[in-house]
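> all I have is the shape, not the residue letters:
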Ligand code: 5GP
Ligand code: ZN
């Protein structure tokens, strides 16, 4: 998608601090971390959010969760939270599906 900042990060048109990359997904550190460890994992294929997961594109979501488990072990995370915001009312600001991985401090309850 032409004007999508995460597609531009995938294409290397916007710099990012990459943690992991393969043919299906990219993990990079959030520019405004909300925890001592805060990275994002995104599929290379563009779709907006968890509301657009279908039988045709869901395999990449399973792959992303495998990658998250591997990265959590690699980074020595004790515990972590995975968050995907879906739509503006949930706080989604970038309409390319992404999974926040947060760790390194005690995380509070949801609000
Ligand atoms: P959302 O609010 O949509 O759930 O999450 C979007 C996240 O992307 C935010 O935490 C924000 O800090 C991060 N973000 C937005 N633009 C950039 C960018 O250009 N580079 C990086 N690394 N993170 C970004
Ligand atoms: Zn995109």
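It's in. Every value quoted in this text rests on a predicted model; they were computed, and no experiment measured them. Residues are numbered from 1 along each chain as shown. Ligands and ions are numbered 1, 2, ... in the order given.
> can you show me the strands along the protein?
Using DSSP state E, the strands of the chain run over residues 18-21, 25-29, 37-43, 81-83, 99-103.
> what residues does the chain have near ligand 1?
Within the chain, the residues that sit near ligand 1 (CB under 6 Å from any ligand atom) are 5, 14, 16, 28-32, 85, 91-94. Quick note: C-beta positions are derived from backbone N, CA and C, even for glycine.
> neighbour-wise, which of those residues leads?
Highest neighbour count within the residues of the chain next to ligand 1, by other CB atoms under 10 Å: residue 28, with 20 neighbours.
> could you give the bridge partners of that one?
For residue 28, the beta-bridge partners under DSSP bridges are residue 18, residue 40.
> what sits against it?
9, 16, 17, 18, 19, 39, 40 (CB atoms under 8 Å, 6 or more residues apart in numbering).
> follow-up on the earlier one: format the strands of the chain as TSV; extra columns: distance to residue 69 and mean pLDDT.
As requested, the strands of the chain are exported to TSV (distance: least, CB to CB, whole Å; pLDDT from 0 to 100):
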stretch	distance to residue 69	mean pLDDT
strand 18-21	12	98
strand 25-29	12	98
strand 37-43	11	98
strand 81-83	10	98
strand 99-103	10	98
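> still on that earlier bit, now the contacts of residue 28: which count as buried?
The neighbour count (16 or more other CB atoms under 10 Å) marks 9, 16, 19, 39, 40 as buried among the contacts of residue 28.
> now do the same end-to-end measure for stretch 27-35.
16 Å (CA to CA, to the nearest Å).
> distance from it to the middle of the chain?
9 Å (CA atoms, centre = their mean, to the nearest Å).
> same check on stretch 63-79?
For stretch 63-79, the separation from the chain centroid amounts to 12 Å (computed by CA atoms, centre = their mean).
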